[in-house]
Structures are given as structure tokens and as C-alpha cells.
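Student: Next input, structure requested:
(chains A, B and C, ligands or ions: 2)
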Amino acid sequence: LKAGLIPPASSSGERSFDVVTAGGGPAGLSAALYLSRYGMRHAVLEGWQPGGQAALTDRIENYPGTGPTTGEALIGVMRSQALSAGTVFLSERVSAASAVDGGGLLIEADGGPVHARALIIATGAAPARLGVPGEEKFYGRGVSYCATCDAPFFRGRHVMVVGGGDSAVKEALHLTSFASRVTLVHRRDALRAEPALADRLLASPSVDVLWNTRLLEIRGTSGVESALLDTPGGQSEIQVDGVFVYVGRKPATEPFAGLVRLNGDGTVWTRDIVLTSHDCVFAAGDVTSNPLRQVVTAAADGARAASAAWHRLGLGG
Amino acid sequence: LKAGLIPPASSSGERSFDVVTAGGGPAGLSAALYLSRYGMRHAVLEGWQPGGQAALTDRIENYPGTGPTTGEALIGVMRSQALSAGTVFLSERVSAASAVDGGGLLIEADGGPVHARALIIATGAAPARLGVPGEEKFYGRGVSYCATCDAPFFRGRHVMVVGGGDSAVKEALHLTSFASRVTLVHRRDALRAEPALADRLLASPSVDVLWNTRLLEIRGTSGVESALLDTPGGQSEIQVDGVFVYVGRKPATEPFAGLVRLNGDGTVWTRDIVLTSHDCVFAAGDVTSNPLRQVVTAAADGARAASAAWHRLGLGG
Amino acid sequence: MGLLSAADAEKVGRLFQDMPRSVTLRLYTQRLNCEGCLDTERILDELAGLSDKVKLEKLNALTDTDRREADAVEFVPAFIVSGANDRVRFYGTPSGYEFSTLLTLITDAGAGIAAAGPDVDALVSALNRDLRIRVFVTPTCPHCPRAAVAAARLAAASPGIRAEIVEAEEFPALSMRYSVQGVPRTVVEDRLFFEGAVPETVFAKALTAALPFLSEPGAEVRDLLSFLEPDA
Ligand SMILES: Cc1cc2nc3c(=O)[nH]c(=O)nc-3n(C[C@H](O)[C@H](O)[C@H](O)COP(=O)(O)OP(=O)(O)OC[C@H]3O[C@@H](n4cnc5c(N)ncnc54)[C@H](O)[C@@H]3O)c2cc1C
Ligand SMILES: Cc1cc2nc3c(=O)[nH]c(=O)nc-3n(C[C@H](O)[C@H](O)[C@H](O)COP(=O)(O)OP(=O)(O)OC[C@H]3O[C@@H](n4cnc5c(N)ncnc54)[C@H](O)[C@@H]3O)c2cc1C
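Tutor: Ligands and ions are numbered 1, 2, ... in the order given. Okay, the predicted model is just below:
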């Protein structure tokens, strides 16, 4: 077993901590680093995607304080900072969390219950689905939500990217190194992505953009063969070998729906950045509605949640 | 002239930008990086302390994503990221800022007026003074706000540190390598500093702590000779050769007092983390009352302020 | 063994190689009674070894007295960073943050970088006397490089100004004479002082305002930055 991976047992044989952080993305890792420095007994339940969305990003140029880097490298440093400060990592997913009568929280995870005096929700978000016919059927066989992961399968092929925000544009750019042609389909007439990215995309010779266009259906037999589009000039079907979907993210808050108040879009309701409707529960990063969803904002929220938890538990004078 | 140091003149010969950021600490540098990537015409008026407080810190261990580093190195990377993304830096201090009839902001700086459509206040904070007799008189001659700078003058001497937070404890620890004896004076009965630091301090044989004690006066002739204290046992005067003051920070908001609403403690009043009482003015970092004052939180606030300014000016879809 | 890592040495070497003109470090040392002399010589030797754009001239403070007097060198170790002019000197062993100051002094001299702008022009034309600026620094002081470089750039801009960077710990008597217990502390002509670092333009503006005070006879000492206030 690797150091830091062994769940410490409490006297009663249970797994119990001062603070549990759900989520191992930048928000969770930063919270862990701060909690360790505060000297608190704590564990990170990092779910099934250690490192979070950031770890899957090819190139990060806008994290202040590191030069351009890969998501994997940046997250790698964050994780090892927390590890060497004493964080316990459990690769388990939280399925439910509830308040215990008389105080404390009960967290249900893959490996059994975990007890904590405070909880930090940093479960981030997962890609939103388009909800069109064929999307579910061809997932993993031409439909993807992660260009960084799947681009190599489309070397020399024609791929479609759906979306117009930062993620769609970044990943479309990434795909140009693999695919022979990238068609970006966007339902508006301008990109929402930051100009530094958008300009690069529009200048790329292997990219064409279909404005004011919606994807209606993904078609094929064993794999993706074509896409049916609703364009300003009417419906049209074009041949593609793959479809990459970047139409927003869905916060991973189901396990906490009974514990804390959620906003209409499923994010955790917060005030003062990290406080939730429950005294001993804090939230950080993409799982909240805090403005701007970036690595640096998630990391800052994580630090703030750790500090708030520390003060809440009365260990910070 | 170095690249990035030349103020661009607008058609009318004035200095005019989409966004001006006041302050060149982590908050201002991060804002600049994001503004550059958004493609906005902007300048940083970095005041007299380029890099801010962080640049003056010897060792930073808790910035997620870099290993332990020096403030100078961390800030150096942040600054060069912004520079290479196209930020204009002016080493000027803002003395006043006001709204112009018909829209826009007029910012008075050392080099003359600057016009902007939006302003980001990221002027951080400076060490707070105790306000006791002798403090002003002996500044630079025994009274200091920077142990890292001045510790060597107190080799083998007895110094006093006033305060109980992270900074006081960090700097008291630093002083133990120079002074023969360090007396920490704290007005409460417990340290507010993070345990990783506090434990190290309390374990140090050359440190003694006077709890529930206030410094009343710093005395001497040409330099510091003694400190008058108010202790639980009554007033007492003890001989010291130097006094290092770490009793919090004073936000640098005077130039903006007429432009935006301030909180009672002088910080800029904000909602949604970075919005101020003026539509086109944003605030980030230690100048706000946002919880936790750290490099990572300042950097995140800066990114959020840049994003808010971009959306406000209608350039973000 | 080198003081710089191979990677740093390469970086610094490249920085020097890119300088438009070469720079000579004129070093004064003596064998006896000089704690910092050997270390300073090692540091400068190493820097001079990185590029032929940086030359090191070694003088003996006790025997090369004519040169020493011509250079007005009062203490050892001392070196003059000589590019387009001879007006910037350093007293003491440049280590820690002072090492980064030294690198900037060299690259500034090699690129002819000087303070500039209307405030600096105003100072240069108003200057009716020579000025000696002393900046006291320590190796652990992160603000100090900025204060030292500002003084050096003012000196580079004006033939009447000489900048002396003083390693405060190495010259305790001198530090004591100016009651230095906090750095950076900048002292002009022994009569004006300020703590901390300000941009060159602000420094120039304050100096211009303070020139009449310096011309008055007397031993009164004043905070230079107080001349910036409108009522001063
Ligand atoms: C394609 C793409 C490109 C991007 N590029 C950039 C960029 O260049 N710069 C930038 O700053 N940002 C970028 N971002 C945004 C950035 O990745 C996110 O803002 C950031 O990762 C959010 O961090 P987080 O910790 O809040 O959540 P996440 O990174 O989403 O991490 C969530 C964590 O929670 C865990 N988890 C989920 N459910 C559970 C559960 N039930 N129990 C336990 N654990 C759970 C997951 O395993 C994961 O570890 C990009 C995002 C995408 C999608
Ligand atoms: C001794 C000490 C140790 C610390 N250690 C750590 C640590 O280990 N880890 C950590 O994360 N944080 C640490 N911090 C905290 C961290 O340094 C601050 O939270 C951070 O620097 C705040 O950034 P900021 O950009 O908001 O403001 P600042 O860093 O204060 O920067 C303010 C900027 O505004 C400029 N300015 C001021 N007035 C004006 C004006 N009128 N016009 C124009 N510009 C102006 C200044 O020149 C400066 O560039 C430490 C702080 C101190 C004092």
C-alpha cells in the first residue's frame, strides 16, 4: 500500500475524521493542503476521477504562478503537496451524506460509512449531455466528452465538436493535432470562449464553424457515421467519425441533496463563498455557483473552505 | 525601454484603456493575466511595491500547484505570465479615482491622469501600525515591520514580536535564527496562527510568550531600549533592542473612498466576491473583506474580477 | 565548485552575452582584515567566467592607492560596476538578494539602462551640485534590490550622482553612523534619508524638491519623501 492510502481506524474500528473532503480536483486538493497545515485529522474521498476535470486537460496556460503546463502536471504537484503535508486519500465515491442526531455527519462511501465533524463538498461537475438520439448509444464508440482522452482514436478522421465556450474551443484546438478536419457546431452566432482561444480556433485552417446550428441526432451502425443538423438553411446530414460534446457541466451534488440547500441548476447554494445551509458543511469549486470556473478559483475556494471548517470546529482561535 | 513599460497613448494623446488594475500583487497580476487573455486593452498601475506583500515573503509553502518556493519566485512567474500575455505595467501609484459624467473613470496617478472604462481595485494592504508612542519615532531604528529584512541587525540581541497570527509567528520563528531571545507579546491567550507554525514556535527554546499582554509604549534615546507592557499582573517595562510589529494589515483604499462603498474596517465592500457598489469597479484580494488572505485567494479574486469586468464591458457574450 | 548551479550559470551567461556593451567590475580587496574580500572575489570571478562581456579587474586596496583614491573607495571589499560610467559601486559581499541586485547592476550597465522620464529630466537640469546616494541593504531583504537599483539608475542618468550600495551587516560602524537598523535605508549626502523603496521617478521628484534644502548650510536631517508632500 502506498503511504497516505491507508484509512486510519478510530478506536471503535470506524473511519472517523475531523473533516472529510468529497472530491479530489483542485478544490479538494487545495482544501486538503490547508487542512493538513491546520493540523486537522482529515481524509479526501476522491471519487473515481482523482485530480478532477483539470487533470484531463491537455494544456493550462492561465494558472497564475506556473508557466504553461499540463493539467496532469499541475494537479500532480497539488496532490503531492497535500500528500506530503499528511493528507489521507481514499479512492471512494460518496453516495450519500446526512447529519447525525447529536452532531456530526455520516458519509456513505464505497468502502463503508465514514464519520466526520465537518464536510467539504468539492465534487465538481461532470459533462452535461445533449440528450439527443444516438448520444447514449454511441458513447465510447464515437461520442466523447473528453478530447484529451480520445483524440488519438480520430487521427486523420473528421470530427465534430458541439459547443462554443472555453472548453469546446480548447478541445477543438486540441483535436486539430489529430483529426484531419474539425467541424464546430454552435447554436449561437459568436463564441463565448475567451478571445485568446477563439481567435486561434478561427484562424486554424482545418477548422470550420457552423453557426446558429443544433445537433439533432447522431447516426451510425456500429459506430458514429453522421450527424443530423438543424442549420439556418434547414436540416442537413453530414458525415463525421466522432462527436465531442462540450455543452456545459452538471454539478455532482446528488449525494448531498438531502443535506444542504441546492440552487435551481443543481449547484450547492453558498454565501460568503464557501458556507452552505448546514453549519458544518462547506462547498468549494465547480460544485458551487461561485463566478468563473477555473483551477485557480477552485483552489482558492478549497483553501477558504478549509479555513472556514477549521474555524467552525473551534480549532482556529 | 523595456517591453511592457511603455504607456500606449490613445488617439487623443491620453492614457486610456478598457480596464485599469490598481495594484501589482497576486490579485492584480492574476487579473492582468486574465484580462490579457480576454484581449482587453488594459494596464496595471502597480504602485511602489511591484509584486505586493507576497513578493516580500521568504518562503511560501501553501500555494497549490507549486512546491515550496520564495515569494519572489512565485510572483516573478505570475508577472512574466502577464507580461508575455501583453500586460502594460506602469510603476505609478493611484492617488484618486472618480466617475466621469457620461461614463468612464478618471484615475489620478503619479504620471498623470489615466482613463478607463472599468477599474479593478487590487491595492492590497500594508502593515497596520500599533499606534503607540515611540513607534513612529523609532521606525527604521529598532521598530520594524519586516523581520526578513531587518533580523540581521539583531544578532545576539533581545527582540520583541507583537501579534499572534500567521505573520507574527512566521516572523518570530525567523528571528530565532538571529536574536538570542525572542519575546512574543500577544493580547489574547492563544495564537491564531496555523498549528504547523504555532507548534514550532512554542517548542523553540529561545522564545517566550507573554499572553494577554499589550504593548503600551516603545522607549529609548537614539534607538529602542525598552518596551512598556500592560500585563495581567500590571504594567511592566522590559529591556529590548528591537520591536517587530505584526498586528494585521490596513487596506490601501484611501484613493477609492469617494468612488466605492467601504466597510467599517476600510476594506472595499463587495458582493459576489468581486462586485463593488459601482457598476464598473471591481475589487480583488486583501483589499476586500473576502475570507482568508492568501496568495491563492488573491489570485482567484483577481481572475474573477477580470472576468466580471469583461462581462460588464459587454465583450463577454 | 561553482556557486551557481549549471542551469543558473547558463541562464546568467546568456543574459550577459546579450548585453550590447561589456561591463568591467573593478574590485578592490586586501589580504588582511577583510572578512568579505575572498568571498566577493570568488563571486565576481565566477560571474566574469560566464561571459567575455563581463570583465574583472582586480586591485589591491593597500598598494593601488592612486587608483583607489581616484575611485574614492573608502572600504573593502568594494567594486565599481563600470559600463558607460563609473558612478555605481557596491561595498561588501553581494549574497542573497544582493546577488540579484548585482545581476541587475551588471545588465543595466551593459544595456545602458538609466532612469528616464520628465521627473528625471527635471532633476538632471536642476542639479547644481554632486550627490552621493548610499543605500543600505542586507542579503535577506526582499525590498532592497529595488531600492539599490533605483539609486543606481538615477546615478546612470546624471553625471552628478554617485550611487553606493552598502552591505549593512558587513560595515557595522557605517551602519551605526547612520543609525541603520532597518533596510533598505537610503541616505543622500548624509542629510536626507528614507526607508523602503520607491520608483526612480518618485525618487527623482523628491530629490528635485529637496535641492534647496541641501544647499542650505546646517546639519539638520530630513526624510526625503516628506518633500513630496505639497506643503513641503
Ligand atoms: C475541457 C476542459 C478544459 C479546461 N481548461 C481549463 C484551463 O485551461 N484553466 C483553468 O483554470 N481551468 C480549466 N478548466 C476548468 C477546471 O478544470 C475546473 O474549473 C476545475 O477542475 C474545477 O475543480 P473542482 O475541484 O471544483 O472539480 P473537479 O475538477 O470537477 O473535481 C471533482 C472531483 O470530485 C470527485 N467526485 C465526483 N463525485 C464524487 C462523489 N460522489 N464522491 C466523491 N468524489 C466525487 C471527482 O472524482 C473529482 O476528483 C477546464 C475544464 C474542462 C472540462
Ligand atoms: C509576512 C507575510 C507572510 C505571508 N506569507 C504567506 C504565505 O506563506 N502564503 C500565502 O498564501 N500568503 C502569505 N501572505 C499573504 C499574502 O502575501 C497576501 O494575501 C497577498 O499578497 C495579497 O495579495 P494582493 O494582491 O491582494 O495585495 P498585495 O500583495 O498587498 O499587493 C498590493 C499591491 O498594490 C499596490 N498598491 C498599493 N497602493 C496602491 C496605489 N495607491 N496605487 C497603485 N498601486 C497600489 C502595491 O504596490 C502592491 O503591488 C503573507 C503575508 C505577509 C505580510
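Student: any weak-confidence spans in chain C?
Tutor: For chain C, the stretches with pLDDT under 70 are C:1, C:230-232.
Student: Whatever residue of it ends up closest to chain A is in what secondary structure piece?
Tutor: Of all residues in chain C, residue C:11 sits closest to chain A, at 14.6 Å by CB to the nearest CB. For glycine as for every other residue, the C-beta is placed from the backbone atoms N, C-alpha and C. According to DSSP states H and E, residue C:11 maps onto helix C:6-17.
Student: Look up phi and psi at residue C:194.
Tutor: Phi and psi for residue C:194, reported as degrees, to the nearest 10, are phi -160, psi 160.
Student: Burial check on it, number of neighbours?
Tutor: Using other CB atoms under 10 Å in any protein chain shown, residue C:194 has 22 other residues around it.
Student: Now for it: which residues touch it?
Tutor: C:185-186, C:206, C:223-225 (CB atoms under 8 Å, 6 or more residues apart in numbering or on different chains).
Student: ok, now residue C:16?
Tutor: Here residue C:16 is in contact with C:47, C:50-51, C:53-54, C:106-107, C:110 (criterion: CB under 8 Å, 6+ apart).
Student: Following element in sequence after the helix holding residue C:11, please.
Tutor: Taking DSSP H and E, what comes next after helix C:6-17 is strand C:23-29.
Student: what about the one residue in the stretch 201-317 of chain A that gets nearest to chain B, which helix or strand?
Tutor: The stretch 201-317 of chain A approaches chain B most closely through residue A:300 (3.2 Å), counting by CB to the nearest CB. Assigned by DSSP H and E, residue A:300 belongs to helix A:295-312.
Student: wait, does that helix make contact with ligand 1?
Tutor: Yes. Part of helix A:295-312 sits near ligand 1 under the criterion CB under 6 Å from any ligand atom, namely A:295-296, A:298.
Student: chain center to that helix: distance?
Tutor: Between the centre of helix A:295-312 and the centre of its chain there are 17 Å (CA atoms, centre = their mean, to the nearest Å).
Student: Just the C-alphas of the helix holding residue C:11, formatted as CSV.
Tutor: The C-alpha trace of helix C:6-17 is given here as CSV (Å, rounded to 0.1, in the frame of the first residue of the first chain):
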residue,chain,number,x,y,z
ALA,C,6,24.9,24.7,-14.0
ALA,C,7,21.4,25.7,-15.2
ASP,C,8,21.6,29.1,-13.4
ALA,C,9,25.1,29.7,-14.7
GLU,C,10,23.9,29.1,-18.2
LYS,C,11,21.0,31.4,-17.8
VAL,C,12,23.1,34.2,-16.4
GLY,C,13,25.8,33.7,-19.0
ARG,C,14,23.2,34.1,-21.7
LEU,C,15,21.9,37.3,-20.0
PHE,C,16,25.4,38.7,-20.1
GLN,C,17,26.1,37.6,-23.6
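Student: What residues of it count as buried?
Tutor: Within helix C:6-17, the residues that count as buried by 16 or more other CB atoms under 10 Å in any protein chain shown are C:9, C:12-13, C:15-16.
Student: what does stretch A:170-190 give?
Tutor: Residues of stretch A:170-190 classed as buried by neighbour count (16+ other CB under 10 Å): A:170-176, A:178-179, A:181-186.
Student: And the most far-flung residue of chain A relative to its centre, what's its pLDDT?
Tutor: For chain A, the largest distance from the centre (CA atoms, centre = their mean) belongs to residue A:233, which lies 35.9 Å off. For residue A:233, the model assigns a pLDDT of 94.
Student: for the one 3 residues further on, same thing?
Tutor: We note a pLDDT of 96 for residue A:236 in this prediction.
Student: That one: what's it in contact with?
Tutor: Listed by CB under 8 Å, 6+ apart, the contact set of residue A:236 reads A:228-229.
Student: Residue A:292 versus that one, what's the distance?
Tutor: 36 Å (CB to CB, to the nearest Å).
Student: Can you tell me which of the contacts of residue C:194 end up in helices?
Tutor: Mapping the contacts of residue C:194 onto helices (DSSP state H) picks out residue C:206.
Student: Separate out the buried members of the contacts of residue C:194.
Tutor: With burial judged by 16+ other CB under 10 Å, the buried subset of the contacts of residue C:194 is C:185-186, C:206, C:224-225.
Student: rewinding a little: turn the contacts of residue C:16 into CSV, including secondary structure.
Tutor: As requested, those are exported to CSV (DSSP: H, G, I helix; E, B strand; the rest coil):
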residue, secondary structure
C:47, helix
C:50, coil
C:51, coil
C:53, coil
C:54, strand
C:106, helix
C:107, helix
C:110, helix
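Student: What is the burial count for residue C:66?
Tutor: Residues lying near residue C:66 (other CB under 10 Å) number 8.
Student: coming back round to it: return only those of the buried residues of helix C:6-17 found close to ligand 2.
Tutor: Within these, nothing lies near ligand 2 by CB under 6 Å from any ligand atom.
Student: Filtering the contacts of residue C:16 by proximity to ligand 1, which remain?
Tutor: Okay, of the contacts of residue C:16, nothing touches ligand 1 (CB under 6 Å from any ligand atom).
Student: Show me where chain C has its helices.
Tutor: Going by DSSP H, chain C shows helices at C:6-17, C:37-48, C:65-70, C:97-111, C:118-126, C:144-157, C:172-177, C:200-215.
Student: closest one to residue B:32 among those?
Tutor: helix C:144-157 (19.4 Å; CB to CB).
Student: quick check: angle from that closest one to helix C:200-215?
Tutor: Angle, helix C:144-157 to helix C:200-215, by axes from the mean of the first three to the mean of the last three CA atoms, to 10 degrees: 70 degrees.
Student: which other helices and strands contact helix C:144-157?
Tutor: strand C:88-91, helix C:97-111, helix C:118-126, strand C:131-137, strand C:161-167, helix C:200-215 (3 or more CB pairs under 8 Å, 6 or more residues apart in numbering or on different chains; DSSP states H and E).
Student: do the shortest one and chain B meet?
Tutor: No. Strand C:88-91 lies out of reach of chain B by CB under 8 Å from any CB of the partner chain, never closer than 15.7 Å.
Student: one step back: of all the buried residues of helix C:6-17, which comes closest to residue B:60?
Tutor: Checking these one by one against residue B:60 (CB to CB), the nearest turns out to be residue C:12, at 24.0 Å.
Student: contacting residues for that closest one?
Tutor: The contact partners of residue C:12, taken as CB under 8 Å, 6+ apart, are C:4, C:47, C:50, C:103.
Student: thinking again about what came up before, closest to residue A:272 out of the helices of chain C?
Tutor: In terms of CB to CB, the element of these nearest to residue A:272 is helix C:144-157, at 36.3 Å.
Student: What is the helix-or-strand element of chain A with minimal mean pLDDT packed up against?
Tutor: When the helices and strands of chain A are scored by mean pLDDT, DSSP states H and E, helix A:147-150 comes last with a mean of 80. On a contact count with 3+ CB pairs under 8 Å, 6+ apart, helix A:147-150 meets helix A:166-175, strand A:242-245.
Student: buried set for it?
Tutor: Buried residues in helix A:147-150, defined by neighbour count with 16+ other CB under 10 Å: A:147-148, A:150.
Student: From those, pick the one nearest residue B:246.
Tutor: Relative to residue B:246, the closest of those is residue A:148; by CB to CB it sits at 45.0 Å.
Student: and the gap between the closest one and residue A:61?
Tutor: As judged by CB to CB, residue A:148 and residue A:61 stand 15 Å apart.
Student: cool, residue A:140 as well?
Tutor: Distance from residue A:140 to residue A:61, by CB to CB: 30 Å.
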